[in-house]
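J.: Kindly generate the corresponding structure for this input.
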Amino acid sequence: MRKFWASLQVFSLLFIVLLFGYKNLYTSPSPKKRKASNIDYFIEAANPRIGHITPFIHQCFFNDNLSNAPSVYSVSKSSLTRHNPNFLYHLWTESEAEELINRFYPGLQQVWRKFNESFVLRVDFFRYIVLHFFGGVYADVDAEAISSFDTLLEEFPGCAILGIEVDFSRLPNWREMFQVAREVQICQWTLISPPGHPLLSILLSWIAKNASLVEDPLHGDVMELTGPGIFTDCVLFYLKGLGFGRDAIENIRNPRRFHDLVILPKRSFRKEGGDPDSYAFVTHHFLGSWKK
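T.: Sure, this is the predicted structure:
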């Protein structure tokens with residue numbers, strides 16, 4: 001166990017040096033630069049710190065015209081801000097995402113450019129980057145909050161908090177029946193993490209490596225390149241390093257903590273009616289725009 005965590009720490013350090021050079025990851029901008037960029041403002045306002053979940057909700061919509069956003073976006077935003085009034089909130093644009101990558105993740109610029117023709121790949125990719133940089137809560141524009149995230153942040157400080165999307169571990173023919181990437185799959189539409197979490201460092205490095213091996217990302221499998229397939233694999237890899245197999249997250253009914261990683265039951269980020277639940281935080285409207 002100690003060797004694993006020592007290796008993770010070294011890996012994370014090398015990853016940060018590779019992507020950011022020797023710059024301080026969270027250097028606050030001077031007051032004179034306050035008006036230059038939303039990124040500078042949010043670095044100062046959020047004050048992200050390693051090991052602490054930043055009270056900051058991130059969404060993104062990569063289209064110049066916000067009127068093209070799905071109608072459920074207004075429901076999503078209002079629910080997130082209403083239930084979490086003490087959180088910062090921002091809807092990231094594609095140009096802001098590109099600025100963040102160019103300034104702080106130069107090692108990922110080539111991957112970002114390679115994903116230029118697919119907003120789905122870019123949105124997937126950026127959710128991991130923005131959480132790695134700022135920390136906080138990421139939510140898709142079709143994710144509706146039904147309660148405050150404060151409970152999770154207080155109970156699991158400093159942890160990456162993820163939810164089960166599907167669990168077909170007791171269904172042998174799941175591949176024939178459902179369009180999912182993994183038998184037990186971790187959801188991506190809502191993610192919670194402190195900045196710099198090693199799970200996200202590993203994930204970003206995997207995506208970068210896989211992208212370098214794909215000639216045309218548009219003809220690749222989104223779920224395997226940036227989506228729930230590779231994401232779930234990364235979570236299982238992380239759990240394996242902690243000494244746990246996939247069975248540790250099968251058929252769970254309550255949150256399970258593995259050092260600095262928490263896995264929530266399906267109902268937490270995928271509430272589907274029924275009685276009120278203290279561990280239900282999000283309902284997902286499944287627009288499925290990535291399939292179109």
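J.: Strands of this protein, start to end?
T.: Assigned by DSSP state E, the strands in the chain fall at 56-60, 88-92, 136-139, 143-145, 160-167, 184-186, 190-193, 256-258, 261-264, 282-284.
J.: winner for burial among those?
T.: Per-stretch averages of neighbours, counted by mean count of other CB atoms under 10 Å, single out strand 136-139 among those, with a mean of 27. All C-beta spots, glycine's among them, are computed from the backbone N, C-alpha and C.
J.: quick one: that strand to chain centroid distance?
T.: Distance, stretch centre to chain centre, for strand 136-139: 7 Å (CA atoms, centre = their mean, to the nearest Å).
J.: which residues touch it?
T.: Strand 136-139 has contacts (CB atoms under 8 Å, 6 or more residues apart in numbering) with 46, 48, 53-59, 76, 80, 84, 87-88, 127, 130-131, 145, 149, 189-193, 282.
J.: how about CSV for the strands of the chain, with distance to G229 added?
T.: Compiled in CSV, the strands of the chain are given as follows (distance: least, CB to CB, whole Å):
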stretch, distance to G229
strand 56-60, 21
strand 88-92, 24
strand 136-139, 18
strand 143-145, 20
strand 160-167, 11
strand 184-186, 8
strand 190-193, 16
strand 256-258, 21
strand 261-264, 17
strand 282-284, 18
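J.: Present those strands as TSV; the columns should include distance to L121 and mean pLDDT.
T.: Shown next, in TSV, are the strands of the chain (distance: least, CB to CB, whole Å; pLDDT from 0 to 100):
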stretch	distance to L121	mean pLDDT
strand 56-60	13	97
strand 88-92	15	97
strand 136-139	16	98
strand 143-145	19	94
strand 160-167	19	94
strand 184-186	18	92
strand 190-193	17	98
strand 256-258	29	98
strand 261-264	25	97
strand 282-284	20	89
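J.: Where does pLDDT dip in this protein?
T.: Filtered on pLDDT under 70, the chain yields the residue ranges 1-36, 171, 174-178, 219, 271-277, 288-292.
J.: Give me the contact list for stretch 151-160.
T.: Contacting residues not belonging to stretch 151-160 are listed as 51-53, 55, 161, 191-194, 197, 199-200, 255, 257, 260-262, 278, 281 [CB under 8 Å, 6+ apart].
J.: My error: substitute stretch 54-68 in the last question.
T.: So stretch 54-68 is contacted by 42, 46-48, 69, 73, 76-77, 80-81, 84, 86-94, 97, 119, 122-123, 126-127, 130-131, 134-141, 153, 194-195 (CB under 8 Å, 6+ apart).
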